[in-house]
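Visitor: Give me the fold of what follows.
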Amino acid sequence: MATSMRDALFIGANAAIGAFIGFAVSKGALSEGSAVPPLMLIFVGMAAVELIGAYAARIPLGQLVAMPARFAALVVAFGGYLLTTNV
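Guide: Numbers count the residues shown, from 1 in each chain. Here you go, the predicted model:
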């Protein structure tokens, strides 16, 4: 599969979101046992990135990036979360 620029930007933005959430958990701003778990915040961040990107590109939701890029973004975001929480 050829990776487009949108796919690469989507994966990079989600890596930053995962690292930011992990940093917030490691500094105590977010708790792992809170009502909204950090993994759910990663999913919300992924949805927000796609919503903002689709709105900016003026394309229908769900057509911004390919499905393999979404899976890669989830893995990268969760990896960034794990790296910044020192697990």
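Visitor: can we go C-alpha only for contacts and neighbour counts from here?
Guide: Will do.
Visitor: what's the neighbour count on P38?
Guide: When neighbours are defined as other Cα atoms under 10 Å, P38 has 21 of them.
Visitor: Please name the nearest non-neighbouring residue to it.
Guide: Nearest residue to P38, sequence neighbours excluded (Cα to Cα, 6 or more residues apart in numbering): E32, at 6.3 Å.
Visitor: One more: T84?
Guide: Nearest to T84 is G22, by Cα to Cα, 6+ apart, at 5.1 Å.
Visitor: residue contacts, that neighbour?
Guide: G22 makes contacts with 38, 80-85, as judged by Cα atoms under 8 Å, 6 or more residues apart in numbering.
Visitor: swap the cut-off to 10 Å and go again
Guide: 16, 28-30, 32, 38-39, 42, 77-86 (Cα atoms under 10 Å, 6 or more residues apart in numbering).
Visitor: Restricted to buried residues, select those in ChimeraX.
Guide: To isolate in ChimeraX the members of the contacts of G22 that are buried, counting by 16 or more other Cα atoms under 10 Å, one can use:
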select :16,30,38,39,42,77,78,79,80,81,82,84,85
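Visitor: Can you list phi and psi of P37 for me?
Guide: Geometry field for P37 lists phi and psi as phi -70, psi 160, criterion degrees, to the nearest 10.
Visitor: contacting residues for it?
Guide: Per Cα under 10 Å, 6+ apart, neighbours of P37: 30-31.
Visitor: Repeat that for the one 10 residues further on.
Guide: A47 sits next to 14, 41, 53, 61-62 when contact means Cα under 10 Å, 6+ apart.
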